[in-house]
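K.L.:
Okay, predicted coordinates and the sequence, questions at the end:
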Number of protein chains: 2
Amino acid sequence: MRAQTIHHIGHAVDDLDAAIADYQQLLGGVLEHREAVPDQGVEAATMLLGDGRVELLRPLGDDTPVGKFLQNRGPGMHHMALRVDDIEQALADAASAGAELIDQQPRVGLFGLRVAFIHPHSVHGVLVELVQPANEGTGHG
Amino acid sequence: MRAQTIHHIGHAVDDLDAAIADYQQLLGGVLEHREAVPDQGVEAATMLLGDGRVELLRPLGDDTPVGKFLQNRGPGMHHMALRVDDIEQALADAASAGAELIDQQPRVGLFGLRVAFIHPHSVHGVLVELVQPANEGTGHG
């Protein structure tokens, strides 16, 4: 597969308002989007750091993926998202190279992005998200 | 402070050769640099993922910062590095906004970069590195 760039770094937090404020004040971040997605168990906000992006994730309950992560590890970096221009091809390439896929097919993630996750077992402990912005793609797959 | 972009994501690993191979084969990564830096206790390799970059870090001993991280947390994301064009100004801005600095002054990091770290206590559990490539800067500070 071929990645275009790092789309964002996912960062799990306890307090989304405080995290947004700290990214703004300490790091010069600019709020891009904010959205609660109950069926994914999170409230999320994206912060732009120049051309870079961090996705802040606050769990909506303890029994959610991000809630379990916070209980086990505490706040911190949660996943690395790579932007690809053809997510079906990228998933097929990763699978054929031996990656363990969490999502066999792309699904709609936060902010309408087309996403799929690769298991951290395959990437030395890093949960990898593939992201294709919804208005892009080659149409095959 | 103002960041230009995400310079890299730092990723702590047990086995650098295996990690390089997996980034190449599973994610299409391209090896950029590889270097052992005994006085920092690490062997490091940077992998390009399109315009993005991951810095793989293997500790040279258990009693090193990355060695302790691995013992406590296992392999995974270790830090987020932001590229700035004036690291002295960025450090001063972050400190005046209340950030706890690990490095009061920039120092020479891996690959000759000028770097300084902000404590994860200030950034909701994320260790933040500021990076200014060595051949850039405004000269003040």
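P.N.:
Arrived safely, thanks for sending. Numbers count the residues shown, from 1 in each chain, chains lettered A, B, ... in the order given.

K.L.:
Check which helices and strands the longest helix along chain A is in contact with.
P.N.:
For chain A, the helix with the greatest residue count under DSSP state H is helix A:16-27. Packing partners of helix A:16-27 (3 or more CB pairs under 8 Å, 6 or more residues apart in numbering or on different chains; DSSP states H and E): strand A:30-37, strand A:42-49, strand A:52-59. Every C-beta, even on glycine, is put in place using the N, C-alpha and C of the backbone.

K.L.:
wait, which of those strands is closest to B:Asp93?
P.N.:
Nearest of the helices and strands packed on helix A:16-27 to B:Asp93, taken as CB to CB: strand A:42-49 at 13.3 Å.

K.L.:
Below-threshold pLDDT in chain A: ranges please.
P.N.:
Within chain A, the stretches with pLDDT under 70 are A:135-141.

K.L.:
What sits closest to A:Asp51 if chain neighbours are left out?
P.N.:
B:Thr5 (4.0 Å; CB to CB, 6 or more residues apart in numbering or on different chains).

K.L.:
That neighbour: neighbour count?
P.N.:
Residues lying near B:Thr5 (other CB atoms under 10 Å in any protein chain shown) number 20.

K.L.:
burial of A:Gly61, as a residue count?
P.N.:
Residues near A:Gly61, counting by other CB under 10 Å: 11.

K.L.:
List the residues that contact it.
P.N.:
Under the criterion of CB atoms under 8 Å, 6 or more residues apart in numbering or on different chains, the contact partners of A:Gly61 comprise A:Gly41, A:Gly67.

K.L.:
Would you mind measuring from the closest residue to A:Arg34 other than its chain neighbours to B:Ile6?
P.N.:
The spatial neighbour of A:Arg34 that comes closest, neighbours along the chain excluded (CB to CB, 6+ apart), is A:Ala45 at 4.2 Å. Using CB to CB, to the nearest Å, we find A:Ala45 at a distance of 17 Å from B:Ile6.
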